[in-house]
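Peer 1: output the structure for:
(one chain, ligands or ions: 2)
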Amino acid sequence: MVSEFILAIDQGTTSSRAIIFSRDGEIKASAQREFDQHFPADGWVEHDPQQIWEVTSAVCRDCLAQLPKGQQVAGIGITNQRETTLVWDKSSGEPIYPAIVWQDRRTAQQCRKLAQQGHEALVRDRTGLLLDPYFSATKLAWILDKVEGARDRASRGELAFGTIDTWLIWKFTGGKVHATDATNAARTLLFNIHTQRWDEDLLKLFDIPEGILPDVYDCAADFGEAQEGLDGRTLPIAGVAGDQHAAMIGQACFEPGMIKSTYGTGCFALLHTGQKAQMSDNRLLTTLAYRLNGEVHYALEGSIFIAGAAVQWLRDKLGIIQQASETEALAASLDSNRGVYLVPAFTGLGAPHWRPDARAVICGLTRDSGRAEIARAALEAVCYQTHDLLEAMAKDTQQTLTSLRVDGGMIANNWLLQTLADITGMTAERPAITETTALGAARLAGLQLGLFSSLEDIAQNWTLEAKAEPAIEPELKADMIKGWQRAVERSLLDAERSDT
Ligand SMILES: Nc1ncnc2c1ncn2[C@@H]1O[C@H](COP(=O)(O)OP(=O)(O)O)[C@@H](O)[C@H]1O
Ligand SMILES: O=P(O)(O)OC[C@H](O)CO
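Peer 2: Numbers count the residues shown, from 1 in each chain. Ligands and ions are numbered 1, 2, ... in the order given. This is a model prediction of the structure:
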């Protein structure tokens, strides 16, 4: 009998996780390991690709070792931090430079220059994205330009580019497969989301040789046999998607109008918009929800760079909490925010502002303000930012959006769940399994391996654990949003100053 278990790998920004799911979503085994973050210069963030491979293959082994004797895994699903860029030598398998992480801002000036030269419309039309250092293309060009001899080696076909999924597939298959899936490709600034091909004009614009790029497959496909790093086992890699797209699958957002919002290090809200790419007039991204059987489903995405990371900052830099979960009681201990706002623009502001140079502000402090006000402001900031994204989505689609499926580490916080509902005016729904990203990767592999017959089959497995309905006085909500907007203006003031 075919095994009903799938090994899902969630390679995130700060840790790698592996989870073995049964067909009905039960977690049979799990393992997680953190890895090092490198900040070699202001605004730079790097990872060591070899360490990512070691940590990721180790959590897979840890997980497989937890399975009772005689139980087997049918295959692997991979989901990953997106946009993070790496280049390696095809014959030695050695990376030629550390992975440049999605948060890295080193190519901000290059993006500004390309925008000033009038290229933003082309980029937007073809990719649905913006000229921002967040995406892969300028990071890849930077590596090719700065690493001695890299351009020559690339033109001789000696180098391979990949996002983290591609790197892991390469490593697991012992260098046999150089491939990615359409959702990851769609975050590079090089992939045409309409034709579903690497775009010649964009390759020219960013000066990227086509030979360096991976093949692009559906999210459920044959990505090769994983033979390395698994203690002698061989398992098919059958599903791949960028983490936010995998969460769409894990949250069963398969119909136009359905939204998922994930609250981890950052926050990423995706609205399913159907099979036609919906472009945004409000500075949201147009991206893929998923691609299955060659059929593309699109999404509008709002990306917030700092969500749970602000809570980590309270813990690690301010030292006002010892554990993230303490923020719940602190926020609830106050009857209002007392006029204190935190705009967590530590690495600039993402959607809908797209200002890499904005910086964080805390405002409204009085002598009476303390850790509770600041902790509450950090949680409220996530809600206001979600509100801004949902408002932009409603404008773009001219739809009234009524509910949102939430997940991610932060969403265990019940105060946050209620405040999200209050500030967004929508029902916030938390599923029974909040590991939706890993679950989505498992579902994709399950689809490919015949454990599920269709998306409807997957949707039947989604179950609600808790929900919050909006319950705030409208005047109070309006005041809070006004206070937030004033705080954002202050944060943007710093960005404007750096323009002059
Ligand atoms: N109860 C909580 N309240 C608020 N924030 C939390 C809580 N639990 C975890 N977090 C935050 O959520 C984040 C971890 O979520 P996770 O989904 O694991 O993130 P990622 O996948 O991006 O590493 C951390 O930034 C942490 O500070
Ligand atoms: O690793 P996460 O969960 O912070 O997600 C990162 C995103 O994919 C970046 O686009």
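Peer 1: with adjacent residues omitted, what lies nearest to Ile226?
Peer 2: Rather than Ile, residue 226 is Ala. Sequence neighbours aside, Phe172 is the residue nearest to Ala226 in space, at 3.7 Å (criterion: CB to CB, 6 or more residues apart in numbering). Quick note: C-beta positions are derived from backbone N, CA and C, even for glycine.
Peer 1: Arg490: how many residues sit nearby?
Peer 2: One way to gauge burial is a neighbour count; for Arg490, by other CB atoms under 10 Å, it gives 16.
Peer 1: does it count as helix, strand or coil?
Peer 2: Taking DSSP: H, G, I helix; E, B strand; the rest coil as the rule, one finds Arg490 in the helix state.
Peer 1: who are the contact partners of it?
Peer 2: Contacts for Arg490 were tallied using CB atoms under 8 Å, 6 or more residues apart in numbering; they are 343, 361, 363.
Peer 1: cool, Ala466 as well?
Peer 2: Listed by CB under 8 Å, 6+ apart, the contact partners of Ala466 are 414, 417, 429-430.
Peer 1: make it 10 Å
Peer 2: Contacts of Ala466 were listed using CB atoms under 10 Å, 6 or more residues apart in numbering, and they are 406, 411, 414, 417-418, 428-432.
Peer 1: out of the residues you listed, flag the one nearest to His38.
Peer 2: Distances from the contacts of Ala466 to His38 were compared by CB to CB; the smallest belongs to Ile411, at 28.8 Å.
Peer 1: what is the neighbour count of the closest residue to the closest one other than its chain neighbours?
Peer 2: Distances taken as CB to CB, 6+ apart place Tyr263 nearest to Ile411, at 5.2 Å, with adjacent residues excluded. The number of residues packed near Tyr263 is 26, by other CB under 10 Å.
Peer 1: and the pLDDT for Tyr263?
Peer 2: Per-residue pLDDT puts Tyr263 at 94.
Peer 1: got the contacts of Arg490 as TSV, with distance to ligand 2, neighbour count and pLDDT columns?
Peer 2: Shown next, in TSV, are those (distance: CB to the nearest ligand atom, whole Å; neighbours: other CB atoms under 10 Å; pLDDT from 0 to 100):
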residue	distance to ligand 2	neighbour count	pLDDT
Val343	19	26	96
Val361	23	19	95
Cys363	27	15	95
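Peer 1: which of those lies closest to ligand 1?
Peer 2: Checking the contacts of Arg490 against ligand 1 by CB to the nearest ligand atom gives Val343 as the nearest, at 17.1 Å.
Peer 1: residues in contact with the closest one?
Peer 2: With contacts defined as CB under 10 Å, 6+ apart, the neighbours of Val343 are 306, 310, 349, 358-363, 377, 381, 384-385, 484, 486-492.
Peer 1: the strand or helix carrying Ile169 vs ligand 2: in contact?
Peer 2: In this structure, Ile169 is located in helix 164-172 according to DSSP states H and E. No - on the criterion CB under 6 Å from any ligand atom, helix 164-172 is out of touch with ligand 2, staying 9.3 Å away.
Peer 1: alpha carbons only: can I get that helix in CSV?
Peer 2: Listed in CSV are the C-alpha atoms of helix 164-172, where the atom choice follows Å, rounded to 0.1, in the frame of the first residue of the first chain:
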residue,chain,number,x,y,z
ILE,A,164,16.4,28.3,-1.8
ASP,A,165,14.0,25.7,-3.2
THR,A,166,16.2,25.3,-6.2
TRP,A,167,19.3,25.0,-4.0
LEU,A,168,17.7,22.3,-1.9
ILE,A,169,16.4,20.3,-4.9
TRP,A,170,20.0,20.5,-6.4
LYS,A,171,21.5,19.3,-3.1
PHE,A,172,18.9,16.5,-2.5
